[in-house]
Structures are given as C-alpha cells and as structure tokens.
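Novice: Generate coordinates for the sequence data below:
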Amino acid sequence: MPHTIISEVCEGVADCFNACPVGCISPSNLKNKKGTDYYWINFDTCIDCGICLKVCPVEGAVIGEERPELQKLKA
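Specialist: So this is what the prediction gives:
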C-alpha cells in the first residue's frame with residue numbers, strides 16, 4: 001500500500017524527495033495553509049518501501065497508508 005504525504009503537515013523539507021528510490025515524490029507548485037511548500041506521492045508508482053516515512057523530520061507529515069483525501073496534488 002502506498003504511503004501518503006499529508007499536505008497540510010508537510011513543510012517542504014525535501015528529504016523524502018531526495019531519498020525516494022523510484023522517484024514517485026514530486027513538489028507541488030502550491031503552498032499549504034501554513035504557507036510552506038509541500039510534496040506529494042504518486043500512488044501509482046510508490047513501491048511502499050517506507051523510506052519517505054523514515055527520513056522525514058516533520059512529525060506526522062508522512063503516513064504508511066494510501067489516503068488521497070489528505071494529499072493535494074499540484075494545481
């Protein structure tokens with residue numbers, strides 16, 4: 001099951017983006033409610049390796065389940 005980046009929690013640190021072995025994480029061209037950049041995961045290409053969850057320094061920004069309603073894509 002793919003992981004999810006919660007858009008409103010993500011702070012755009014990019015550790016997940018740099019660590020993803022399959023390149024399924026992309027930056028959004030929007031800001032979240034906190035005014036920070038954020039990333040999103042392409043569920044179709046995520047291999048559920050969990051590296052994003054392990055490297056993210058932002059508590060609760062990545063969860064280990066597919067929850068598209070919590071993740072906004074780019075505009």
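Novice: show me where pLDDT drops low in the protein?
Specialist: Scanning the chain for pLDDT under 70 picks out 74-75.
Novice: Could you pull out the helices in this structure for me?
Specialist: In the chain, the helices defined using DSSP state H lie at 15-19, 51-55.
Novice: Break down the chain into its strands, ranges please.
Specialist: Ranges of strands in the chain, per DSSP state E, are 4-5, 25-31, 37-41, 62-63.
Novice: Now find how far off-centre the longest one is within its chain.
Specialist: In this case it means strand 25-31. On the basis of C-alpha atoms, centre = their mean, to the nearest Å, strand 25-31 sits 9 Å off its chain's mean C-alpha point.
Novice: so that strand versus strand 37-41, what angle?
Specialist: Counting by axes from the mean of the first three to the mean of the last three C-alpha atoms, to 10 degrees, strand 25-31 lies at 140 degrees to strand 37-41.
Novice: ok so, going back, output the strands of the chain as CSV; include the columns mean neighbour count and distance to residue 16.
Specialist: Backbone N, C-alpha and C define where each C-beta goes, glycine included. Listed next are these as CSV, based on neighbours: other C-beta atoms under 10 Å; distance: least, C-beta to C-beta, whole Å:
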stretch, mean neighbour count, distance to residue 16
strand 4-5, 24, 7
strand 25-31, 15, 5
strand 37-41, 22, 6
strand 62-63, 20, 7
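Novice: could I get the ones you listed as TSV with distance to residue 18?
Specialist: Listed next are the strands of the chain as TSV, based on distance: least, C-beta to C-beta, whole Å:
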stretch	distance to residue 18
strand 4-5	14
strand 25-31	9
strand 37-41	10
strand 62-63	14
